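> I would like the atomic coordinates for the input below:
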Amino acid sequence: MWRRPVSVFLSPLVRTHRLLSPAGSTAVSRMSTTVVEPKTGDISGGEHEVQTSTARLNGRVITVTHPVGLPPTLLEAAAAEGIGIPTLCYYPNVTNHRAVCRVCLVEVNGKLRPACATPLSDGDTVQTHSPEVDAYRRRDVEMLLSRHPEDCMRCEVEHECRLRTVVNELQPARVAVTPRGRGAADSHRLHAQDHTSVAIDRDVDKCIDCNLCVDVCGAGGQEQYIFGMVERGAGMLQTTAFDRALADTQCISCGQCTLVCPTGALTEQSVWRDVLSALNARTHTTMVQVAPATRVALGEEFGLAPGSVSTGRLVRALRLLGFDLVFDTNFAADLTIMEETHELLGRVADPKAALPLFTSCCPAWVNYLELNRPDLLRHLSTTKSPQQMHGAVAKRIIWPMLAAAPAKSPKPTSAACSVDPALGNPPGPAAPQAPYIVSVMPCTAKKEEARRPSGVGDIDAVVTTRELARMIRSRGIPFASLDNSWAPFDSPLGESTGAAQIFGASGGVMEAAARTAQHLLREADPGRTADTAPPTIDFHPIRGVARGIKEAEVEGIGRVAVCNGIAAGMELLAQPDWKQRYVAVEVMACVGGCLGGGGEPKSMDPHVLSKRAAAIYAIDAKQEKRRSDQNAEVQQLYIDHLGGAPGSGRAHDLLHTDYAERRSPRSALARFLAAVDARDGAAAAALFVFDEGCEWDTGTTALGKLVGRRDIEACVNTELPPTSPTAPSIRHRLVDRAEGLDVRTPTGELCTFDVALDPVTGLIQSLRRRPDCVSR
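Just a heads-up that it's a prediction; the model follows:
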């Protein structure tokens, strides 16, 4: 399928109105007028003083109207005229344009200038494609290719690689390839192929020194400063501090580096081929859930306009891929709001509770706190994210019901289980294996979240929006041509409200919680009068995709804050009075929220977030039900399976999580117990130091003390009684949600563990269960 070259589709940042020249005029007298929109990055726009600049572009006179003092770059002005200028080190809304690739060189008043960093000036004469310019570009690309592996056909980003697009356009000469980093210290190449992170894959040999990852992760971006450049000339390499593997850094897995990378040097950890293999095998019932941000972005991968809502196409494509059951993550978003709102109201009523409450739906934000601010973990809501809630409910409630149902029985009539085989691929006779559950997410950090100790096994694979596009292409499914009329998700995990849909936007989680909190407080107020004004549904002050901190007042609750971007969250925590100012804080690590997630389609449109957000809020506005408490399937789930109401003991066991400072004894204990619960001996043993002196004192007469990795692995695999991954309560649980080594065992005993870590590796040296356990 033909796809528009990236270098041409730079942006609809500008609106163009061409004026035909009068008859008899010369060819160069043709003029066009362009209006440049301000780069506010917000939906609302606003009034701005404007000025005009006139220039000659490739022989044509153009007049550009733009905000005073903010002229467009030559790259933007050319794009407005439909003239593509190749570029590799430019990405919209990355503030620090270094202009290092030099591929976008143009001739300005007889001199070569980088188009991405040169503002248009009144009276400029610009030539974008002269023989001299093309020769310079071609030599630049040849230099890049001389250090780039010839691995295009096997590269993960084959369809997205901007270097490949530029090569196709410029047709440079073939050059001999010299490995990157020649002359660099060996330590810098130690992790040149770095696969240690659960979320992000790194191949330095494919890096072209554009510095986009450094900038988006550094000042003016995420402000995490994970990447940097070392050495000079042929020895220049991208690396991490002290040349650590990515998994050993403070990386929060937000994936913004993978979003801006023009090549395959930084990508999400790809699992889409594994998912296709599982679909081909047909040995398990396959379930998939889809995040709200995916349905308004996936179409961009197939040539649809940014902000196109493709829910119908998406559901049909997933069924064509072979999934048995197609569910909506929005269902779990409503479930999340019920639990999180209950927790918020409980904390507001408790003078000893930690306030403000931090939302916990963004895994990169949770990663940041566990890595950098463990002292604030008590502020985090213990509510699981929608992804993890959906996986827990699907695997531990819905699947056992489906597996127990007679194979040829008619469609169940209970609201708690109403899967309609006619809607997709009917799951044949009940199999003993647990279902294979996939989530489609806009976020790379969701891959790491699925491995959290409290949720291991609930989600089998997480694919990003980009990975789903690769799956669809690999199966030859004509996504853009599919029917986009309404196609229902499978029930009972398919109903949702407008509040769930706005989870995809920055401010959406807070707005959804505010809607339900206001309603519940009014219902609980016996003094409410008939003439009370209706509660606020649309919280416009906390909407928008602009970076920074936004605030709103919520009736009956108090002041809340929304931090758009992890840097905004860090800015809020630096304020001396944030604990006194707010009762609740939402932080989305990626600017724009999930709509700008690290796994979303790459776009050269600087207003793409605004367009996606407009689509999200349009869906919400059209919904008949706009509060999460109005979701009938969620209410039925509570009645049938979750103790009748939010906050019940059953709901806490299934829908809540705990936190731990990274690389701490508590974190090591949680991961070890999760491996034990999963009966994964290899994973349990891998948490111990390599030498044979490591030990696990089980505290039991039957198992005694185990020494060495081999004995530990064998014990977990063969000596412990088998468990079912779909059983509702088979897990050890940390008693306190934020600190301590007290554990509630699956049998109900209360035990305390002693954990000693190796100071160098951080692996477990010894782990001992104290003998003084207390039965329930």
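
> am I right that residue 330 is in a helix?
Yes - counting by DSSP: H, G, I helix; E, B strand; the rest coil, residue 330 falls inside a helix.

> quick check, pLDDT for it.
On the pLDDT scale, residue 330 is placed at 97.

> what about the closest residue to it other than its chain neighbours, helix or strand, and which?
Closest residue to residue 330 apart from its sequence neighbours, by Cβ to Cβ, 6 or more residues apart in numbering: residue 496 at 3.3 Å. C-beta here means a position set from N, CA and C on the backbone, and glycine is covered the same way. When secondary structure is defined by DSSP states H and E, residue 496 falls outside every helix and strand.

> before we move on, what SS does the residue sitting nearest the centre point of the chain have?
In the chain, the residue lying closest to the centroid (Cα atoms, centre = their mean) is residue 443, at 1.4 Å. Following three-state DSSP, we place residue 443 in the coil state.

> was I right to think it contacts residue 596?
No - contact between residue 443 and residue 596 fails when scored by Cβ atoms under 8 Å: they sit 9.9 Å apart.

> what's the overlap in contacts for those two?
Each of residue 590 lies in contact with both residue 443 and residue 596 under the rule Cβ atoms under 8 Å, 6 or more residues apart in numbering.

> sorry, back to before: what about the residue nearest to residue 330, neighbour count?
Using other Cβ atoms under 10 Å, residue 496 is surrounded by 26 other residues.

> what residues are up against it?
Neighbouring residues of residue 496 by Cβ under 8 Å, 6+ apart: 328, 330, 331, 333, 334, 631.

> could you check the pLDDT of it?
96.

> can you tell me how far it is from residue 605?
28 Å (Cβ to Cβ, to the nearest Å).

> next one: phi and psi at residue 267?
Main-chain dihedrals, residue 267, degrees, to the nearest 10: phi -140, psi 170.

> ranking helices and strands of this protein by mean pLDDT, which lands last?
strand 14-19 (a mean of 28; mean pLDDT, DSSP states H and E).

> quick one: low-confidence parts of this structure?
1-48, 179-187, 406-432, 526-532, 725-729, 775-776 (pLDDT under 70).

> setting aside sequence neighbours, what's the nearest residue to the residue nearest to the centre of the chain?
Residue 443 sits nearest to residue 597 (Cβ to Cβ, 6+ apart), 4.2 Å away.

> tell me how far the one you found lies from residue 268.
Distance of residue 597 to residue 268, computed by Cβ to Cβ: 10 Å.

> stretch 490-502: end-to-end distance?
From its first residue to its last, stretch 490-502 covers 21 Å (Cα to Cα, to the nearest Å).

> same check, this time on stretch 602-616
Using Cα to Cα, one end of stretch 602-616 lies 18 Å from the other.

> next one: it to chain centre, how far?
In terms of Cα atoms, centre = their mean, to the nearest Å, the centre of stretch 602-616 is found 15 Å from the chain centre.

> one more: stretch 516-528?
34 Å.

> buried ones in it?
By neighbour count on 16 or more other Cβ atoms under 10 Å, the buried set for stretch 516-528 is 516, 517, 518, 519, 520, 521.

> and the helix or strand containing the first one, what does it pack against?
For residue 516, the enclosing helix or strand under DSSP H and E is helix 508-524. Packing contacts for helix 508-524, counted by 3 or more Cβ pairs under 8 Å, 6 or more residues apart in numbering; DSSP states H and E, involve helix 329-349, helix 498-501, strand 548-554, strand 558-564, strand 584-588.

> need the residues that contact that helix.
333, 337-338, 340-341, 344-345, 359, 361, 499-503, 528, 532, 535-539, 542-543, 552, 554-557, 560, 562, 584, 586, 588, 593, 616, 626-629.

> how far does it sit from the chain's center?
Distance of helix 508-524 from the chain centroid (Cα atoms, centre = their mean) equals 25 Å.

> mind exporting it as PDB, just the C-alpha atoms?
The C-alpha trace of helix 508-524 is given here as PDB (Å, rounded to 0.1, in the frame of the first residue of the first chain):
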ATOM      1  CA  GLY A 508      -9.500  12.600  31.500                       C
ATOM      2  CA  VAL A 509      -9.000  10.400  34.600                       C
ATOM      3  CA  MET A 510      -9.400  13.300  36.900                       C
ATOM      4  CA  GLU A 511     -12.500  14.600  35.100                       C
ATOM      5  CA  ALA A 512     -14.100  11.100  35.100                       C
ATOM      6  CA  ALA A 513     -13.400  10.700  38.800                       C
ATOM      7  CA  ALA A 514     -14.800  14.200  39.500                       C
ATOM      8  CA  ARG A 515     -18.100  13.400  37.700                       C
ATOM      9  CA  THR A 516     -18.700  10.300  39.800                       C
ATOM     10  CA  ALA A 517     -17.500  11.800  43.100                       C
ATOM     11  CA  GLN A 518     -19.900  14.700  42.700                       C
ATOM     12  CA  HIS A 519     -22.800  12.400  42.000                       C
ATOM     13  CA  LEU A 520     -22.100  10.100  44.900                       C
ATOM     14  CA  LEU A 521     -21.700  13.000  47.300                       C
ATOM     15  CA  ARG A 522     -25.000  14.400  46.200                       C
ATOM     16  CA  GLU A 523     -26.800  11.100  46.600                       C
ATOM     17  CA  ALA A 524     -25.400  10.800  50.100                       C
END
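
> ok, residue 439 touching residue 288?
Yes - the pair residue 439 / residue 288 is scored as a contact, 7.2 Å apart, by Cβ under 8 Å.
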